[in-house]
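Chemist: Model the following, please.
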Amino acid sequence: MGVNAIIQAVYEQVLQRNPGETEFHQAVKEVLDSLGPVIEKHPEYVDAKILDRIVEPERQIMFRVPWQDDKGNVQVNRGFRFEFNSALGPYKGGLRFHPTVYAGILKFLGFEQVFKNSLTTLPMGGGKGGCDFDPKGKSDNEVMRFCQSFMTELCRHIGPDTDVPAGDIGVGGREIGFMFGQYKRIRNEFTGILTGKGLNWGGSLIRPEATGYGCVYYAEEMLKTRGESFDGKVCTVSGSGNVAQYTIEKLNQLGAKCVSLSDSNGTVHDPNGIDAEKLAFVMELKNVKRGRIKEYADKFKVDYMEGKRPWGIKCHCAFPSATQNEVDADDAKTLLANGCYVVSEGANMPSTPEAAEQFIAQKILYGPAKAANAGGVATSGLEMSQNSQRLSWTREQVDEQLQNIMISVHKQCFDAAEEYGQSGNLVMGANIAGFVKVADAMLDQGLV
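Modeler: I've put the predicted structure just below:
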């Protein structure tokens, strides 16, 4: 059987075994499409059925989450944890609380996490979890009761050497705190079973900033390959949560001008740039008041584009930092027509396959999520290291390690693309570099 037939057979098996899980299908296809040259060069991967094994989670956990709202009514949600691959270390990946959560989204995220964690050079496997619970509009007490119920079940499946979840959409410092407290209460252990913890009880400096900072560091490395920097670059950023906020903070520090933010209701366009003072307003608005981004437009008297994303705004660099598939083929066409030549993905799989194809075909500097947003999980890994040593590193130490990791991630992607005849194609480079390391570890460890 030829290489293409082998890959197609694996993909068809994924479709058959995971019906209706379109995000997972998309993520698997994107990786498999890159692996032809690798399979050709390494027939031992075929003999050991590495592809068949790597698309199947090692463990899938689904459970009910009953909790009581402030009116005394019992609510029931569905919780998940997909422990995808532990060849390189304990499962590592976030928890997402959002009404759209179902198996297909979490499998896509867990699958991506395997290769992302591989690229960080840290000893971490890949996993993902979450629940179809929506924290928006809930009181702190309701969120606490939900988190306690969720962790009551999850606690039996995780541990510092087994599976270490983190935050994701809908899971910030508040939720991590409530879940950590419940784990400690049940297990009578103070141990690093979650990352993204509070600084005064085991968290790491730079962890909140890490995904945004790392995404910018990766883009900076891409620009260096053309002898350029961020100085004077106009940048569009989507989203207005943690990733978007710290992407803007780091871009400002490097001399760029960020002109957009968005949420699920619409986009603000500030042609004068979102400076430190305006960003502080956004952080208060989103992290404390939990308001809508339209309030930014009202306060600073700038354009608000209801129901729209920022990809029609002229820019040099775009940072999709909201959610999966937020950049479609038309958005990509518009970005390219408007002169955008750097796309660095802060969210997970924010570009549709058709959009990614255009970026690759036009040979722009395109950093795929599994590489460009690896800074978050990399710093989670650094938090795990600090917890294991019972130490707390300085802000400068963590930031320096984060920057070095992102330089290494870019180099791995760049070198793998060169080695397999796809110079400049960082999508193929990321998939190949991430895959080979995991595949070799699976070979070493036998049929597990």
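Chemist: and the nearest residue to residue 320 once chain neighbours are set aside, what is it in contact with?
Modeler: Spatially, and ignoring its direct neighbours in sequence, residue 320 is nearest to residue 350 (3.6 Å; C-beta to C-beta, 6 or more residues apart in numbering). From N, CA and C alone the C-beta is placed, and that goes for glycine too. By C-beta atoms under 8 Å, 6 or more residues apart in numbering, the contact set of residue 350 is 238, 320, 321, 322, 323, 324, 325, 326, 327, 369.
Chemist: now the fifth one, what's its secondary structure?
Modeler: What it means is residue 323. At residue 323 the chain is in coil, as set by DSSP: H, G, I helix; E, B strand; the rest coil.
Chemist: Tell me the secondary structure at the closest residue to it other than its chain neighbours.
Modeler: Nearest non-adjacent residue to residue 323, counting by C-beta to C-beta, 6+ apart: residue 347, 5.5 Å away. Following three-state DSSP, we place residue 347 in the coil state.
Chemist: In this structure residue 347 contacts residue 368, no?
Modeler: No: Residue 347 is beyond contact range of residue 368, at 11.2 Å (criterion: C-beta atoms under 8 Å).
Chemist: neighbour-wise, which of these two wins?
Modeler: Comparing residue 347 with residue 368 by other C-beta atoms under 10 Å, the one with more neighbours is residue 368, at 29 against 26.
Chemist: Confirm for me that the more buried one is in contact with residue 356.
Modeler: Yes: counting by C-beta under 8 Å, residue 368 touches residue 356, with 7.4 Å between them.
Chemist: Can you say which of the contacts of residue 350 are buried?
Modeler: 238, 320, 321, 322, 323, 324, 325, 326, 327, 369 (16 or more other C-beta atoms under 10 Å).
Chemist: Output those residues as JSON lines; include the columns pLDDT.
Modeler: Shown next, in JSON lines, are those (pLDDT from 0 to 100):
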{"residue": "238", "pLDDT": "98"}
{"residue": "320", "pLDDT": "98"}
{"residue": "321", "pLDDT": "98"}
{"residue": "322", "pLDDT": "96"}
{"residue": "323", "pLDDT": "92"}
{"residue": "324", "pLDDT": "92"}
{"residue": "325", "pLDDT": "95"}
{"residue": "326", "pLDDT": "97"}
{"residue": "327", "pLDDT": "98"}
{"residue": "369", "pLDDT": "96"}
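Chemist: which of those residues lies closest to residue 179?
Modeler: residue 323 (22.3 Å; C-beta to C-beta).
Chemist: I figured the closest one hits residue 168, correct?
Modeler: No: with contacts counted by C-beta under 8 Å, residue 323 stays clear of residue 168, the gap being 10.5 Å.
Chemist: Quick one: residues contacting the residue nearest to residue 323.
Modeler: 238, 239, 243, 320, 321, 322, 323, 324, 326, 369, 373.
Chemist: Show the contacting residues for the fourth one.
Modeler: Taking C-beta under 8 Å, 6+ apart as the criterion, residue 320 is in contact with 238, 239, 326, 327, 343, 345, 346, 347, 350, 351.
Chemist: make it 7 Å
Modeler: For residue 320, the contact set (C-beta atoms under 7 Å, 6 or more residues apart in numbering) comprises 238, 326, 327, 345, 346, 347, 350, 351.
Chemist: what do you get for the second one?
Modeler: Taking C-beta under 7 Å, 6+ apart, we find residue 239 in contact with 262, 321, 322, 347.
Chemist: cutoff 8 Å now
Modeler: 261, 262, 263, 320, 321, 322, 323, 346, 347.
Chemist: sorry, back to before: could the contacts of residue 320 be laid out in TSV, adding distance to residue 413?
Modeler: Output for the contacts of residue 320, formatted as TSV (distance: C-beta to C-beta, whole Å):
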residue	distance to residue 413
238	23
326	22
327	19
345	13
346	16
347	18
350	17
351	16
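Chemist: Just give me the closest of those to residue 98.
Modeler: Taking the contacts of residue 320 together and measuring to residue 98 by C-beta to C-beta, the closest member is residue 347, at 12.8 Å.
Chemist: for the stretch 251-400 of the chain, what spans make up the strands?
Modeler: Ranges of strands within the stretch 251-400 of the chain are 257-258, 260-263, 266-269, 303-306, 317-319, 342-344, 365-367, based on DSSP state E, counting those that start in this stretch.
Chemist: which one of these is the most hemmed in?
Modeler: Per-stretch averages of neighbours, counted by mean count of other C-beta atoms under 10 Å, single out strand 317-319 among these, with a mean of 30.
Chemist: just checking, what packs against it?
Modeler: In terms of contact count using 3 or more C-beta pairs under 8 Å, 6 or more residues apart in numbering; DSSP states H and E, strand 317-319 is assigned the packing partners helix 210-224, strand 234-237, helix 242-253, strand 342-344.
Chemist: just to revisit the earlier point, looking at the strands of the stretch 251-400 of the chain, which is nearest to residue 83?
Modeler: For residue 83, the closest of those is strand 365-367, at 27.4 Å, according to C-beta to C-beta.
Chemist: For the residue nearest to the spatial centre of the chain, give its distance to residue 211.
Modeler: In the chain, the centroid-proximal residue (C-alpha atoms, centre = their mean) is residue 348; its distance is 4.4 Å. As judged by C-beta to C-beta, to the nearest Å, residue 348 and residue 211 stand 10 Å apart.
Chemist: Please enumerate the shared neighbours of these two.
Modeler: residue 373.
Chemist: mind listing the strands for the stretch 101-250 of the chain?
Modeler: 126-131, 163-166, 234-237.
Chemist: After the lengthiest strand in the chain, which helix or strand is next?
Modeler: Secondary structure of the chain per DSSP state E: the longest strand is strand 74-85. Beyond strand 74-85 on the C-terminal side, the first helix or strand identified by DSSP states H and E is strand 91-97.
Chemist: For that following strand, which helices and strands make contact with it?
Modeler: strand 74-85, helix 103-119, strand 126-131, strand 163-166, helix 173-187, helix 375-389.
Chemist: just to revisit the earlier point, in a markdown table, list the buried ones among the contacts of residue 350 along with distance to residue 339.
Modeler: Output for those, formatted as a markdown table (distance: C-beta to C-beta, whole Å):
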| residue | distance to residue 339 |
| --- | --- |
| 238 | 18 |
| 320 | 17 |
| 321 | 20 |
| 322 | 22 |
| 323 | 25 |
| 324 | 26 |
| 325 | 24 |
| 326 | 20 |
| 327 | 16 |
| 369 | 23 |
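Chemist: one step back: direction included, what does the longest strand of the chain pair up with?
Modeler: Strand 74-85 pairs in its sheet with strand 59-68 (antiparallel), strand 126-131 (antiparallel), by DSSP bridges.
Chemist: Quick one: distance of that strand to the chain centre.
Modeler: 18 Å (C-alpha atoms, centre = their mean, to the nearest Å).
Chemist: quick one: buried residues of it?
Modeler: 77, 79, 80, 81, 82, 83, 84, 85.
Chemist: That strand vs strand 91-97, what angle?
Modeler: For strand 74-85 against strand 91-97, the angle by axes from the mean of the first three to the mean of the last three C-alpha atoms, to 10 degrees is 160 degrees.
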